[in-house]
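Engineer: I would like to see how this sequence folds:
(chains A and B)
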2 protein chains.
Amino acid sequence: MREQDIFFIKKTFSLARKTEGFVSPNPLVGAVIVKNNRIISSGFHKKAGLPHAEIEAIKKAKTSLKGATLYVNLEPCFHWGKTPPCVDEIIKSGIKRVVVATQDPNPKVNGRSIKKLRQHNIEVEVGVLKEEAQRLNEIFFKNMKKKLPFVVAKVAQTLDGKIATKKGESKWITTKLSRIYARKLRDKYDAVCVGINTIILDNPSLEGIRKSPYKIIIDPQLKIPLEAKIIKKAKNNLIIFCQKEILKKKQKISHLKKKAKLFILNSYEFNLKNIIKILYREENICSIFVEGGSYTLGKFFDEKLVDKIYFFYAPKIMGGKTLTSIGGEGVGTLKKIIQVKDLKITRLNRDFLISGYIKQ
Amino acid sequence: MREQDIFFIKKTFSLARKTEGFVSPNPLVGAVIVKNNRIISSGFHKKAGLPHAEIEAIKKAKTSLKGATLYVNLEPCFHWGKTPPCVDEIIKSGIKRVVVATQDPNPKVNGRSIKKLRQHNIEVEVGVLKEEAQRLNEIFFKNMKKKLPFVVAKVAQTLDGKIATKKGESKWITTKLSRIYARKLRDKYDAVCVGINTIILDNPSLEGIRKSPYKIIIDPQLKIPLEAKIIKKAKNNLIIFCQKEILKKKQKISHLKKKAKLFILNSYEFNLKNIIKILYREENICSIFVEGGSYTLGKFFDEKLVDKIYFFYAPKIMGGKTLTSIGGEGVGTLKKIIQVKDLKITRLNRDFLISGYIKQ
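Structural biologist: Purely as a prediction, here's the structure:
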């Protein structure tokens, strides 16, 4: 692997990251074009429907691309989507070498563009910083491989794993800095999800900082209060999951339907796996940030649906037998314990944040 | 503060630390004697009853001490204990300057040696790295100021604060490296303390690596099984606290008395504050390392007796409503939450360790 390739692939990563949280259902892509060791053009994907990064870079170039090298963090597309296939534009451009960090897992691409480029005598290098590239697009890779949204669990807890006192107080355990950090995380994902108890107890608005993510409420008995902030401020992006037995609550349903999309499921199909499948297939929701409460997060872990965690800790101890961050059924034996890998520790003033990935 | 003073005071700290856990009830003390910018002698306190650090350094010196500077992390003693007062030996030695990191909080000293040295025209500098010096002797400072042992809470838990599965499995949550680290910590303290449930469930031996600390069992109903490891391997350093009502268990008591010291308290005086007072006053136990279980640790926090924490975390999630690291009553409101300051994060292979001090 040439050092120069690594350098320019890293550039594509930082370009790609600029629109994190804003390109769904597409992957994050950045591209740079290099000639005589200098970047002569670059681009990144801004939004689904807008040009791909490679096309942006090709179009923006002010000099001839003949003999140039294109760097891109994901294999260029092979297929017609909302825009024409990038691979053909690259072939036409005169670029003679393409460095790709990772193959596109999309079954419509999946190495076919790489093959086509090579057939047109373009030198292609694949796999430069491959793992980082797959992490950068962890949402897209999960979507393509599992046909399910990427699920992130977030908690804010004491050092002994508690999230509320026995009297139910929970505001606030972590500092403002941690809470702002958590709000910024909402910007990275398509949807925020909570259980109905969190709505009733905390009455959160679940907004991001730069965007208003989808809000998903798991509310089997449709207990949601009509005066909840999340209902009052609904912006056409509120989704509630409930069970058929609530059909008798006709008035509430008709009121809620003005504010939210209701999915009314049979009790036998009311599980989180099914719910996230519906969100992916019917609502095109590619990533879900689950914020609580204890029961809902526990259920997500019980059903083995979580991909990534963000656990915020305050330097505090609560003691007692009260709500812990992860409830649900839990594991019966240590053999079945959920393992977290690639742990990262970030200090946030007095608090700290543990992030990592669930071992599947 | 001269840089040179800081440098040599740091030397006294590392000398003092050599016998951490082995000088109780005395403080950790190191001394260096410097002449013409070079260390000409040094010493440290090895064990209660053996010479103090200053005396060691003075006796070991092979050249005249005339005009030398003595560095010591704690004010030299003023009083006759098992050895004569250091202050007089220093005056006799010809040393002309003494740098002391912190005053001795012992009411028998408490600045009197500093005063006496000055009266003998010895230049005395006090307070070089004072806070570090007090931390180094945190046990001794607590003892002197509160007439109570220094109490340390240790737990090994999952990221969600759990210590056992709902089926009661707890071996092991953390890795071997963490467990060895925790055993080494036992060496630093006079006694290890657990509740009776930990003995029944885990049957631990509670040994250190370089020493066999006192073992304190909180066992109000005297439920301890006679075949427990801790009984079988008792080395004259096992102490059990129980309540008067167990006096009817005559046979068990007479058997246990061969192995352990029993403190049989009235139920109204059976609280941890009282227990640690007894340990300090009657057994000269200056520091206690509390290792569990959930209930016992919770009670220590409920009674506000904890000074320091060592929380080991494994990168694992258990979920469910099971035993958490800190049980007991817990706090009712967030206002009363226990705050931890001076948090330190140490990575231990895949695990990590949080240590810190309880804000009083």
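Engineer: residue of the stretch 151-300 of chain A closest to chain B, please.
Structural biologist: Per C-beta to the nearest C-beta, A:G161 is where the stretch 151-300 of chain A lies closest to chain B, at 1.7 Å. The C-beta positions use only the backbone N, C-alpha and C, and glycine is treated the same way.
Engineer: backbone dihedrals for that residue, both of them.
Structural biologist: Dihedral angles of A:G161 (phi, psi; degrees, to the nearest 10) stand at phi 80, psi 10.
Engineer: can you check A:F13 too?
Structural biologist: Backbone torsions of A:F13, given as degrees, to the nearest 10, read phi -60, psi -50.
Engineer: could you measure it against chain B, distance?
Structural biologist: Counting by C-beta to the nearest C-beta, to the nearest Å, the gap from A:F13 to chain B is 26 Å.
Engineer: wait, that residue touches A:A133, no?
Structural biologist: Yes: the pair A:F13 / A:A133 is scored as a contact, 7.2 Å apart, by C-beta atoms under 8 Å.
Engineer: quick one: which of these two has more around it?
Structural biologist: The residue with more neighbours, out of A:F13 and A:A133, is A:A133; 25 against 17, by other C-beta atoms under 10 Å in any protein chain shown.
Engineer: can you classify that one by secondary structure?
Structural biologist: helix (DSSP: H, G, I helix; E, B strand; the rest coil).
Engineer: list the contacts for the closest residue to it other than its chain neighbours?
Structural biologist: In space, A:A133 comes closest to A:A101 once its chain neighbours are excluded; the distance is 3.4 Å by C-beta to C-beta, 6 or more residues apart in numbering or on different chains. Contacts for A:A101 (C-beta atoms under 8 Å, 6 or more residues apart in numbering or on different chains) come out as A:I9, A:T12, A:F13, A:V72, A:N73, A:L74, A:G127, A:V128, A:L129, A:K130, A:E132, A:A133.
Engineer: which phi and psi does A:A101 have?
Structural biologist: phi -70, psi -40.
Engineer: got a pLDDT number for it?
Structural biologist: For A:A101, the pLDDT comes out at 98.
Engineer: same check on the one 10 residues further on?
Structural biologist: You'll see A:G111 listed with a pLDDT of 94.
Engineer: please name the nearest non-neighbouring residue to it.
Structural biologist: Nearest residue to A:G111, sequence neighbours excluded (C-beta to C-beta, 6+ apart): A:Q103, at 5.4 Å.
Engineer: next one: the one you found from A:K229, what distance?
Structural biologist: 44 Å (C-beta to C-beta, to the nearest Å).
Engineer: quick one: which of those two has more around it?
Structural biologist: Shown here are A:Q103 and A:K229; by other C-beta under 10 Å, A:Q103 has more neighbours (19 against 15).
Engineer: show me the contacts for that one.
Structural biologist: For A:Q103, the contact set (C-beta under 8 Å, 6+ apart) comprises A:E75, A:V109, A:N110, A:G111, A:I114, A:V126.
Engineer: change it to 7 Å
Structural biologist: A:E75, A:N110, A:G111, A:I114, A:V126 (C-beta atoms under 7 Å, 6 or more residues apart in numbering or on different chains).
Engineer: enumerate the residues of the stretch 151-300 of chain A near chain B.
Structural biologist: A:Q157, A:L159, A:D160, A:G161, A:K162, A:T165, A:K166, A:K167, A:E169, A:G298 (C-beta under 7 Å from any C-beta of the partner chain).
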